[in-house]
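**Q** one predicted model, sequence on top.
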Amino acid sequence: MAQSNWKVGLPLTLVTIFMWATLPIALKGLLGHISPGTATWYRFAGAALLAGLYYGQARALNLRPLFSRILLPFTLLAVIGLLVNYLAYASGLNYITPGAAQMVIQLAPLLLLISSVLWLGESFPFANGVV
């Protein structure tokens, strides 16, 4: 079992909260100068560069299986899904306020959870057992 270290976890959590809270505000201001597609491209390129540098340095990630014949369609589906999500979010900021966009994007994981339980028949573990 992994040991918890709140002195590391708390600052990381606070940085994450701050970044997620400022994202729609920053994007709304940025979209006055560049297109949603350009903003999304920079987000993807920056994430790929930082993740590539980190995992390349650590040599802890083997991505070859993701490009195998069996997993390639799922990899492409995941990339396209993220791309559509990011583009829709950035485009939606032209029509609603950053606060409303933040509320909508926070509902997405909850709706995914509910739909996976209801539509796909996934089990949902509770503290006292599995439903």
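**A** Right, received. Where do you want to start? Residues are numbered from 1 along each chain as shown.

**Q** my guess is Tyr86 contacts Trp41. True?
**A** No: Tyr86 is not in contact with Trp41 according to C-beta atoms under 8 Å; the separation is 9.4 Å. No exception for glycine: its C-beta is placed from N, CA and C like everyone else's.

**Q** so the most centrally placed residue in the chain versus Phe67, what's the distance?
**A** Residue closest to the average C-alpha location in the chain (C-alpha atoms, centre = their mean): Leu82, at 7.5 Å. With distances taken as C-beta to C-beta, to the nearest Å, Leu82 is found 17 Å from Phe67.

**Q** what about Val79, helix or strand, and which?
**A** Assigned by DSSP states H and E, Val79 belongs to helix 72-92.

**Q** need the contact partners of that helix.
**A** 27, 31, 36-37, 39-40, 43-44, 66-67, 101, 104-105, 108 (C-beta atoms under 8 Å, 6 or more residues apart in numbering).

**Q** now, of those, which are buried?
**A** Using 16 or more other C-beta atoms under 10 Å as the burial test, those include Leu27, Leu31, Pro36, Ala39, Thr40, Arg43, Ala101, Ile105 as buried.

**Q** next step: these restricted to helices.
**A** Leu27, Pro36, Ala39, Thr40, Arg43, Ala101, Ile105 (DSSP state H).

**Q** run a quick neighbour tally on the nearest residue to the fourth one once chain neighbours are set aside.
**A** If the residues on either side of it in the chain are set aside, Thr40 comes closest to Tyr86, at 4.5 Å by C-beta to C-beta, 6 or more residues apart in numbering. When neighbours are counted by other C-beta atoms under 10 Å, Tyr86 registers 19.

**Q** where are the low-confidence patches of this protein?
**A** Residue ranges of the chain with pLDDT under 70: 1-2, 126-131.

**Q** try 80
**A** Across the chain, the ranges flagged by pLDDT under 80 are 1-4, 56, 58-63, 108, 122-131.
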